[in-house]
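below is the sequence, then the predicted model.
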Amino acid sequence: MINANLKNSYAADERVLNNTYKQMFVYGMMIVLALFTFFANDYMILIASQMGILLIAVVGINILTGYTGLVSLGHGAFVAIGAYSVTIFANLAEGIIPAGVMPFFAMPFAVALAALIGVLVGLPSLRVKGLYLAVATLAANFIVIFLIEEDLFQPWTGGMVGLTTHAPNFFGWVLDTKREMFGMIAVIGFLALLAAQNLIRTRIGRAFIAIRDRDYSAEILGISLLRYKLTSFALSAAYCGLAGALLAYFFARILPEQFELTLSLNLVAALIIGGMGRSMGPVFGVIIVVLVPELIKVLFSSAVGGSASAAQFRAPLQEIAFGLLLVLFLLKEPLGINQIVDRILRAANRWPFARG
Amino acid sequence: MLNIENLHLSFGGIKALQGINFEAREGEITGVIGPNGAGKTSLFNVISGFYAPGQGRVSFGGRDITTMSPDKRAALGVARTFQNIALFRGMTVLDNIKLGGHTRLQTNVWQALRYFGAAQREELELRREIEERVIDFLEIDHIRKFPITMLPYGLQKRVELGRALAMRPKVLLLDEPVAGMNREETADMARFILDVQEQFGTTILLVEHDMHMVMDICSHIVVLNFGQQIASGTPAEVSKDPAVIEAYLGAAA
Ligand SMILES: Nc1ncnc2c1ncn2[C@@H]1O[C@H](COP(=O)(O)OP(=O)(O)O)[C@@H](O)[C@H]1O
Ligand SMILES: [Mg+2]
């Protein structure tokens, strides 16, 4: 084969995995993930589950920020809405909906509610852009956390104390180990990534990108800014809501402080590092965002040998390292790791006929 | 086909358009000329719905569209290109052109997320149509996978025309399609515009500075100066009009 990109039909040309390297990569990853689920140790399962949950949320941010060009600093709110609503729904519907099918109702409810509130939060995007929109979404994050902690709703939300989420039960199969839970997260995460990729290659995704690149031009092609900006908000909120539902199931315990500004910023940071508006950007970004603090933890404790007085410096150190990483990417590779990988793949694609 | 009646538009103190009246007749190429700042682009912006006129009416196929939003006008069949190229720079040529088909496609969010089935059928059908009707037609086969940023100016203009054609427009507004082009590129573009009119019967409204091209390919010409319509008629009539010679041809000569 001279070039892995040669095609002989439009259908082949329009495929997501439109060259053999991408196919090999994805099939390879599926095998690795399956093996991982069975053979990884508990610590690795914990880390990978966090990545999977975060990935789903960052895929949502990618739709909104990467493809539609709308910045949100408040999407942690939708993760909260997903986590709380999946739990509260199950608590309220207990006895009405059989336990063995509860997730089939609770999860769609959580996702739909997040999407609905996403539309509301997206309304300012029709008037304001950039920094102003970021501030408006930031406010949404504070409001949601405030409401969760509010005394009035405490009977349902548990206020500052939080809630306990029951393990999901699929027709009697209770996912009561982290390993089983990881299996579920991996499958849903994979499907979520694929669905986003599908979206982007159809008229809906093209409309998002058109709005990002030049909104007035999008309008003269018949794209309603109102409709597509709100659709983008709804979809990204739905993804974050789904991530929230899985997060509640996985940790079995939710607290308002898990969903504050730090989470919202982490989602955006992961996307910037991984690559905005690039299909694999969220994957690369999430790996870094979860691994770097973990590495610092390991390095730090081996350096100070578990001294309690030194331990207080760990958290700030993690944040500084994280901030530096982000600045480095913004300056040196604003298109993220996805771009670096693309360059390598392009070179591999031409090899051995050319170099570069 | 496209009727402009007594159109007025002002920006604060600047009167950009003052009582414009003409019709772009079905299947014909109508030219709009005038010196810089005459109000040509403003006229296009009113027709495509970006500016609301202070007074007057725009109607299309007998229907009043004066207050309709730009995306709804597009769905009716009003397409345009911009004086400063307005392509989507983050996309390939193919994706830019596909966007022209947006309003004709039906795929909803659910179908898009699944892709297989309805969305795939529609996408492949669109691809086939664009390949035949736009990419072959404009002779841009060799660049269909190129990002816009890699193309020279003349080709970008052609791709923008392609994106408008993919809308299967009933009326096509072209704002200075050959500005900044060399003689050869200009001749190519003029040929494509004539081909569009002949093959698809599209009604065309053309703003252009290149007098030769306008005289050559338009059947009717409207002349603007400082927001006022100083003449209108066939190329022969307009080029003999003393007011036109004074305001425009005289200045250019
Ligand atoms: N958005 C705007 N705001 C203020 N003035 C404008 C705007 N658009 C155009 N104008 C003014 O309207 C007049 C006509 O401009 P334009 O329609 O671009 O002319 P042309 O396309 O014929 O060169 C000019 O005086 C210009 O400065
Ligand atoms: Mg102009």
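Thanks, I have the structure now. Ligands and ions are numbered 1, 2, ... in the order given.

how about the residues of chain A by chain B?
By CB under 8 Å from any CB of the partner chain, the residues of chain A that approach chain B are A:10-11, A:13-14, A:195-196, A:198-199, A:201-207, A:209-210, A:212-214, A:216-225, A:231, A:235, A:277. In short, each C-beta sits where N, CA and C put it, glycine included.

helix or strand for the closest residue to chain B within the stretch 51-200 of chain A, which one?
Here the stretch 51-200 of chain A gets closest to chain B at one residue, A:Asn198, 3.7 Å apart by CB to the nearest CB. A:Asn198 is part of helix A:178-200, with elements assigned from DSSP states H and E.

which helices and strands sit right next to the helix or strand following that helix?
Per DSSP H and E, the first helix or strand lying C-terminal to helix A:178-200 is helix A:203-213. If you count contacts as 3 or more CB pairs under 8 Å, 6 or more residues apart in numbering or on different chains; DSSP states H and E, helix A:203-213 packs onto helix A:178-200, helix A:215-220, helix A:225-251, helix B:93-99, helix B:109-114.

just tell me which of those helices ends up closest to B:Phe200.
helix B:93-99 (15.3 Å; CB to CB).

what sits against residue 113?
Just going to use chain A. A:Ile81, A:Gly82, A:Ser85, A:Gly241 (CB atoms under 8 Å, 6 or more residues apart in numbering or on different chains).

was after chain B, sorry
Residues in contact with B:Leu113 (CB under 8 Å, 6+ apart) are A:Ala195, A:Ala196, A:Asn198, A:Leu199.

now render those residues as TSV, adding neighbour count, distance to A:Ala93 and pLDDT.
As requested, those are exported to TSV (neighbours: other CB atoms under 10 Å in any protein chain shown; distance: CB to CB, whole Å; pLDDT from 0 to 100):
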residue	neighbour count	distance to A:Ala93	pLDDT
A:Ala195	18	26	96
A:Ala196	24	29	96
A:Asn198	20	31	94
A:Leu199	26	30	96
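
from these, which is closest to ligand 1?
If you rank the contacts of B:Leu113 by distance to ligand 1 using CB to the nearest ligand atom, A:Leu199 comes first, at 34.7 Å.

can you map out the helices along the stretch 101-250 of chain B?
In chain order, the stretch 101-250 of chain B shows helices spanning B:109-114, B:118-130, B:153-165, B:183-200, B:211-217, B:235-240, B:242-244, B:250-252, with DSSP state H, counting those that start in this stretch as the criterion.

hang on, the earlier thing: in JSON lines: the contacts of B:Leu113, plus distance to ligand 2.
Converted to JSON lines, these look like this (distance: CB to the ion, whole Å):
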{"residue": "A:Ala195", "distance to ligand 2": "43"}
{"residue": "A:Ala196", "distance to ligand 2": "40"}
{"residue": "A:Asn198", "distance to ligand 2": "40"}
{"residue": "A:Leu199", "distance to ligand 2": "37"}
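
from the residues you listed, which is closest to A:Val59?
A:Ala196 (4.9 Å).

I figured the closest one hits A:Ile61, correct?
No. With contact defined as CB atoms under 8 Å, A:Ala196 does not reach A:Ile61; the gap is 10.7 Å.

any common contacting residues for these two?
In contact with both A:Ala196 and A:Ile61: A:Tyr239, using CB under 8 Å, 6+ apart.

stretch B:183-202 vs chain A: in contact?
No. Figure legend: stretch B:183-202 not in contact with chain A (CB under 8 Å from any CB); closest approach 15.8 Å.

closest point of the stretch 51-200 of chain A to ligand 2, which residue?
A:Lys129 (25.4 Å; CB to the ion).

likewise the stretch 251-356 of chain A?
A:Gly277 (31.5 Å).

ramachandran angles for B:Asp241?
phi -70, psi 120 (degrees, to the nearest 10).

ok, what's across the strand from the residue lying closest to it once chain neighbours are set aside?
Distances taken as CB to CB, 6 or more residues apart in numbering or on different chains place B:Ala231 nearest to B:Asp241, at 4.5 Å, with adjacent residues excluded. Applying DSSP bridges to B:Ala231 gives these bridge partners: B:Val223.

how about B:Ala231, what does it touch?
Counting by CB under 8 Å, 6+ apart, B:Ala231 touches B:Ile221, B:Val222, B:Val223, B:Glu237, B:Val238, B:Asp241, B:Ala243, B:Val244.

how about B:Leu161?
B:Leu161 touches B:Thr81, B:Leu138, B:Leu174, B:Pro177, B:Met189, B:Phe192, B:Ile193, B:Val196, counting by CB under 8 Å, 6+ apart.

dump those into JSON lines; add distance to ligand 2 and pLDDT as well.
Output for the contacts of B:Leu161, formatted as JSON lines (distance: CB to the ion, whole Å; pLDDT from 0 to 100):
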{"residue": "B:Thr81", "distance to ligand 2": "12", "pLDDT": "95"}
{"residue": "B:Leu138", "distance to ligand 2": "23", "pLDDT": "95"}
{"residue": "B:Leu174", "distance to ligand 2": "12", "pLDDT": "96"}
{"residue": "B:Pro177", "distance to ligand 2": "12", "pLDDT": "93"}
{"residue": "B:Met189", "distance to ligand 2": "17", "pLDDT": "94"}
{"residue": "B:Phe192", "distance to ligand 2": "21", "pLDDT": "96"}
{"residue": "B:Ile193", "distance to ligand 2": "18", "pLDDT": "96"}
{"residue": "B:Val196", "distance to ligand 2": "21", "pLDDT": "96"}
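
of the residues you listed, closest to A:Gly28?
B:Leu138 (40.5 Å).

any idea how far A:Gly281 is from the closest one?
Look at B:Leu138 and A:Gly281: by CB to CB, to the nearest Å, they are 33 Å apart.

and stretch A:77-92, what's buried?
For stretch A:77-92, a neighbour-count test (16 or more other CB atoms under 10 Å in any protein chain shown) marks A:77-90 as buried.

quick one on the thing from earlier: out of the helices of the stretch 101-250 of chain B, deepest packed?
helix B:153-165 (a mean of 22; mean count of other CB atoms under 10 Å in any protein chain shown).

identify each buried residue in stretch A:210-218, please.
Per 16+ other CB under 10 Å, stretch A:210-218 contains these buried residues: A:Ala210, A:Ile211, A:Arg212, A:Asp213, A:Arg214, A:Ser217, A:Ala218.

next: stretch B:142-155.
For stretch B:142-155, by 16+ other CB under 10 Å, it's B:Ile143, B:Arg144, B:Ile148, B:Leu151, B:Gly154, B:Leu155.
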